[in-house]
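Colleague: Everything below, folded, please.
(chains A and B)
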Amino acid sequence: MSTTHATGPAREYDPIDPSEGLYGLMAEFETADQLIAAARAAKQAGYERMDGFSPYPVAEVADAIGFPRSEMGAIMFIGGLCGATLGFLMQYYLNGIDYPLNVGGKPFFGWPQFVPITWELLVLTASMAGLFGLLALCGLPQPYHPVFNVPQFIRASRDRFFLVIEAVDPQFDPQRTRDFLTTLNPVSIAEVPE
Amino acid sequence: MATVTETTHGHGDFEGNGKYPPHPEGIIGGQHDLGSVGDKIAYVVTEMSTPAGWWVWFLVGFSLFNGLGIALLYLFYAGVGIWGINQPVAWGFAIVNFVWWIGIGHAGTLISAILLLLHQKWRTSINRFAEAMTLFAVACAGMFPLIHMGRPWLFYWLYPIPMNFAMWPQFKSPLVWDVFAVTTYFTVSLVFWYVGLIPDLAVLRDHARRKTQRVVYGLLALGWRGSAWHWRRYEKVYLCLAGLATPLVFSVHTVVSFDFAVAIVPLWHSTIFPPFFVSGAIYSGFAMVLWLAIPLRRIYKMQDLITPRHLDACAKVMLGTGMMVCYGYFCEAWMSIYSHSVYETQTTMERMFGPYGWSYWSLLTCNLVIPQLLWIPRLRVNEFALFVIATFVQIGMWFERYVIIVALTRDQLPSNWGRYAPTEWDWLTLAGSFGLFLTAFTLFVRFLPMISITEVRELLPFRQGGRDGHSVMENAK
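Modeller: Predicted coordinates for the structure are as follows:
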């Protein structure tokens, strides 16, 4: 799936020598605006496989690195639709066909009275689809990721902003990419061991 | 808009005196930047020695919680006969407390979801603990119908589980709607709360120095690393959850009001009930938010993040929803006269001047008269005054449900009239539910960030390193 390739294709994890492979190059920035500018410049320079990291969401970075729209709305919509449909049919079958109950002389298939539960199940399934869809597409829970090997990355959850250009990018070259990142004026540049 | 700064010395743009100017909307005080916000909030959880105020809060809660244990053990041993319920009032305290607690929960959803959709930035520093309040309040609420069933271990009969019964729940009943509504509400609130917590748990993972904390928060953070790809999906899910939770919270209290309104009991069978219940829920919920925010500010010195602006806004919402509730009281009384229904008129007269008239007038005093003090701007930022007024609102909203329940004492058939009085077990269970709530809430404050670190960081003005708003409000795609 094209939208999940930020995490890279499946690779074999080799715990013996982390310096063996290179996941990518990481540049550290001080502000979100610098990260946005860097992501745009990297896209301009033709890089495709990269990721930005920030302590809070910066929508422009996702736009710049080529993820203009997420799949989550569609997933939650479909989840809700399934839940509502199945919930409605369940009530219709159980109270209308399998065990018809006369309640106050109302029709067995008294659909207006099935609306509240249909609605609740819509919300329930849409939310669950959202949660599990989010986790699945982000590949979470994920205990290991190469970016955590870089010591300064601890500040990605604090006050620093990072751009990683991945080694799988066709344009990636350890020296040329490093030179390119230097032009972006980062605080630091680090190799991300696999 | 901030521009790209070339400097390597922080985020630049200090005013001449080396200080950040005050926040234009007064939402964040002090001299915070990205790091200090995280330190301030995470410190409470990771390193701060537990303050004495917390212990007072916790021990009071935990004692009451033990009282709940005793009350429930005796209840399961002896049955619901230990309560004051009987014919004609079969609903008693259990249902009063259920509606009261679930109403309190609604303010948390209002703050986190509805105010998000309405682009209200002031929601940000109070949404996390308000959501926790929702969860625990709904847990307290959910307990009451269960223990009111007499044989609570058979609660699963309420769900359509294929079994050898050859029977199914009756889906046309509001009581079954209630089961689905409350279950969904709890689950969705939990999901919303947890999704919001994930980035903060990652902050704690990276902030904590103790190994156990790093491991536990690390496991809970699921390996969150703040990737732009993840944030994009995350924001969309968060926005959609807010969009779902908004009508959900209305539907839940509407369904709760249907428990009453669908019955043909005088003064229950009324179309005003759903909006009346929803506004009442938010009214009491904001009173609870103030009850929690004021001690949190004091004990943890969170005045920078929970500012007078927040207290003022909560007080205004309380005043507004209080007026809606009072319109409901007026409407009920008016309709009983205007409808020319002898039962409605009779029950209204009983409600006002009958044996339980005192509860009706207490309700009006607490909910209509005293909150009018909130028109005074000075009182809306006075912690003590707000705490006292919130207490009255809590009591008033509890009485509102009590007044509705005791309408059962005198219905259409005078030979069926009776009285209702709670027993000491009723009171112990009510106090115990407070214990459950306080215990859970104090543990939450101790072990999880009470204010969203990520969202407060994002809300910081540009020159302090933030984005001066929430991209989830503007830019979730």
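Colleague: and the longest strand along chain A with chain B, contact?
Modeller: What stands out as the longest strand in chain A, according to DSSP state E, is strand A:22-29. No - remark: strand A:22-29 sits outside contact range of chain B, by CB under 8 Å from any CB of the partner chain, the gap being at least 9.5 Å. All C-beta atoms are positioned from the backbone trio N, CA, C, and that covers glycine.
Colleague: now that strand: how far from the chain's centre is it?
Modeller: Counting by CA atoms, centre = their mean, to the nearest Å, strand A:22-29 is centred 19 Å from the centre of its parent chain.
Colleague: quick one: contacts of that strand?
Modeller: A:8, A:35, A:38, A:49-50, A:146-147, A:149-150, A:152-153, A:155, A:160-167, A:169, A:172, A:174, A:177-178, A:181, A:184, A:186-194 (CB atoms under 8 Å, 6 or more residues apart in numbering or on different chains).
Colleague: where along the stretch 351-477 of chain B do the strands fall?
Modeller: In the stretch 351-477 of chain B, no strands are defined using DSSP state E, counting those that start in this stretch.
Colleague: Might you enumerate the residues of it proximal to chain A?
Modeller: Checking the stretch 351-477 of chain B against chain A by CB under 8 Å from any CB, the hits are B:454-455, B:457-458, B:465-467, B:471-472, B:474-477.
Colleague: residues of stretch B:195-213 that come out buried?
Modeller: B:195-208, B:213 (16 or more other CB atoms under 10 Å in any protein chain shown).
Colleague: Any part of that stretch near chain A?
Modeller: Yes - Stretch B:195-213 reaches chain A (CB under 8 Å from any CB) through B:Val195, B:Pro199, B:Ala202, B:Val203, B:Arg205, B:Asp206, B:His207.
Colleague: Those in helices, which ones?
Modeller: B:Val195, B:Pro199, B:Ala202, B:Val203, B:Arg205, B:Asp206, B:His207 (DSSP state H).
Colleague: what's near enough to touch the third one?
Modeller: Think B:Ala202. A:Ser157, B:Tyr217, B:Ala221, B:Trp224, B:Arg225, B:Gly226 are the contacts of B:Ala202 under CB under 8 Å, 6+ apart.
Colleague: Please pick the buried ones from the contacts of strand A:22-29.
Modeller: Buried among the contacts of strand A:22-29 by 16+ other CB under 10 Å: A:8, A:35, A:38, A:49-50, A:146-147, A:149-150, A:153, A:155, A:160-167, A:169, A:172, A:177, A:181, A:184, A:186, A:189-190, A:192, A:194.
Colleague: what about chain A, any weak spots by pLDDT?
Modeller: Scanning chain A with the threshold set as pLDDT under 70 gives A:1-20.
Colleague: State which helix of it is the longest.
Modeller: helix A:115-138.
Colleague: following that helix, which helix or strand shows up next?
Modeller: Following helix A:115-138 in sequence order, the next helix or strand is strand A:161-166 (DSSP states H and E).
Colleague: Report the strands that pair with that next one, each with its relative direction.
Modeller: Its sheet considered, strand A:161-166 pairs with strand A:22-29 (antiparallel), strand A:50-53 (antiparallel) by DSSP bridges.
Colleague: Out of the ones you listed, which is the most enclosed?
Modeller: strand A:50-53 (a mean of 26; mean count of other CB atoms under 10 Å in any protein chain shown).
Colleague: Just give me how far that strand sits from the chain centre.
Modeller: The answer for strand A:50-53 is 12 Å, by CA atoms, centre = their mean.
Colleague: what do you get for stretch B:214-221?
Modeller: 27 Å.
Colleague: ok, back up a step: tell me which other helices or strands the longest helix of chain A touches.
Modeller: helix A:72-91, helix B:174-207, helix B:228-261 (3 or more CB pairs under 8 Å, 6 or more residues apart in numbering or on different chains; DSSP states H and E).
Colleague: Excluding sequence neighbours, find me the nearest residue to the residue most central in space within chain A.
Modeller: Closest residue to the average C-alpha location of chain A: A:Cys138 at 4.0 Å, with CA atoms, centre = their mean. Leaving out its chain neighbours, the residue that sits closest to A:Cys138 by CB to CB, 6 or more residues apart in numbering or on different chains is B:His230, at 4.6 Å.
Colleague: which residues touch that neighbour?
Modeller: So B:His230 contacts A:Cys138, A:Leu140, B:Trp224 (CB under 8 Å, 6+ apart).
Colleague: between those residues, which is closest to A:Pro55?
Modeller: B:Trp224 (10.9 Å; CB to CB).
Colleague: Assess the claim that that closest one and A:Leu140 are in contact.
Modeller: Yes - at 6.8 Å, B:Trp224 and A:Leu140 qualify as touching, with contact defined as CB atoms under 8 Å.
Colleague: Same drill for these two, tell me which one is more crowded.
Modeller: Using other CB atoms under 10 Å in any protein chain shown, the more surrounded residue of B:Trp224 and A:Leu140 is B:Trp224, with 25 against 16.
Colleague: Surely the more buried one is within a helix?
Modeller: No - per DSSP: H, G, I helix; E, B strand; the rest coil, B:Trp224 lies outside any helix segment and is coil.
Colleague: Quick check: the gap between it and A:Phe148.
Modeller: Relative to A:Phe148, B:Trp224 is positioned 11 Å away (CB to CB, to the nearest Å).
Colleague: Neighbour-wise, give me the winner out of the residues of the stretch 351-477 of chain B next to chain A.
Modeller: Busiest of these [other CB under 10 Å] is B:Arg457, holding 29 neighbours.
Colleague: Does that one touch A:Pro55 like I think?
Modeller: Yes - the criterion here is CB under 8 Å, and B:Arg457 meets it with A:Pro55 at 5.9 Å.
Colleague: overlap in contacts of the two?
Modeller: B:Leu34, B:Gly38.
Colleague: Kindly check the end-to-end length of stretch B:70-88 for me.
Modeller: 27 Å (CA to CA, to the nearest Å).
Colleague: Run a quick neighbour tally on A:Val168.
Modeller: Count around A:Val168 with other CB under 10 Å applied: 15.
Colleague: Alongside chain A, which residues does the stretch 201-350 of chain B contribute?
Modeller: B:202-203, B:205-207, B:218-219, B:222-237, B:240-241, B:244-245, B:247-248, B:251, B:255, B:258.
Colleague: Once you drop chain neighbours, what's closest to the most centrally placed residue in chain B?
Modeller: Closest to where the C-alpha atoms of chain B average out (CA atoms, centre = their mean) is B:Gly105, at 2.7 Å. Distances taken as CB to CB, 6+ apart place B:Ala137 nearest to B:Gly105, at 3.7 Å, with adjacent residues excluded.
Colleague: any chance you could map the helices in the stretch 1-150 of chain B?
Modeller: For the stretch 1-150 of chain B, the helices defined by DSSP state H, counting those that start in this stretch occupy B:34-46, B:52-78, B:92-109, B:115-117, B:127-148.
Colleague: Distance check, the residue nearest to B:Pro145 when sequence neighbours are not counted against chain A.
Modeller: Spatial nearest neighbour of B:Pro145, excluding adjacent residues (CB to CB, 6+ apart): B:Phe98 at 5.6 Å. According to CB to the nearest CB, to the nearest Å, B:Phe98 and chain A sit 17 Å apart.
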